[in-house]
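In: missing the sequence, but the structure's below:
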């Protein structure tokens, strides 16, 4: 599902989430909600309920960039759904500009990535979020915990001077 446009709201997300539940054999999902200021944690939570039903999903990409109403709550629901996806090997999470996502959300992302040993391709964009430099560094440190083919975390980190 690409570029749903600015007409999408939390309320209009519900039918899409119902549709997701019926696509149980779907293997790849690219959900682009970027720039939609009408999407909040409620809509993202609905998406996560549909996502958790996609038991054959191997690749999931969600673009929530500049969705100002998405916070740690929405990210936590998405990550909880990801935890239940047995075959998921690719996760791309774009949170650019989600200023309500903080170290709490970053820790949930970290915990799920650590627990999902099947993940081999991970991308997280944490630029312009509420995630601190320490939170970004924590996410980046995951690179050494598993055998990833691709692993990238984008976000601000101050360089330490020696």
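Out: Right, received. Where do you want to start? This one's a predicted model, so the numbers in the text were calculated from it and none came from an experiment.
In: what mean pLDDT does stretch 29-47 have?
Out: The pLDDT scores in stretch 29-47 average 91.
In: ok, and the closest non-adjacent residue to the residue most central in space within the chain?
Out: Geometric centre of the chain, nearest residue: residue 93, 3.8 Å, by CA atoms, centre = their mean. Leaving aside its sequence neighbours, residue 93 sits nearest to residue 124 (CB to CB, 6 or more residues apart in numbering; 5.0 Å). (C-beta placed from N, C-alpha, C; glycine too.)
In: hang on, isn't residue 122 packed against residue 147?
Out: No. Residue 122 is beyond contact range of residue 147, at 11.8 Å (criterion: CB atoms under 8 Å).
In: the two: which has the busier surroundings?
Out: Under the neighbour definition other CB atoms under 10 Å, residue 122 and residue 147 were set side by side, and residue 122 has more, 23 against 7.
In: go through the helix or strand harbouring that one and flag the buried ones.
Out: According to DSSP states H and E, residue 122 maps onto strand 121-125. For strand 121-125, the neighbour count (16 or more other CB atoms under 10 Å) marks 121-122, 124-125 as buried.
In: any idea how far that strand is from the chain center?
Out: Chain-centre distance of strand 121-125: 9 Å, with CA atoms, centre = their mean, to the nearest Å.
In: direction included, what does that strand pair up with?
Out: If you go by DSSP bridges, strand 121-125 pairs up with strand 90-94 (parallel), strand 150-154 (parallel).
In: return the most buried member of those strands.
Out: Neighbour counts (mean count of other CB atoms under 10 Å) averaged over each of these peak at strand 90-94, with a mean of 21.
In: could you point out which element follows that strand?
Out: By DSSP H and E, the next helix or strand past strand 90-94 is helix 103-115.
In: and that next one, what other elements does it pack with?
Out: The contact analysis (3 or more CB pairs under 8 Å, 6 or more residues apart in numbering; DSSP states H and E) places helix 103-115 against helix 72-83, helix 133-140.
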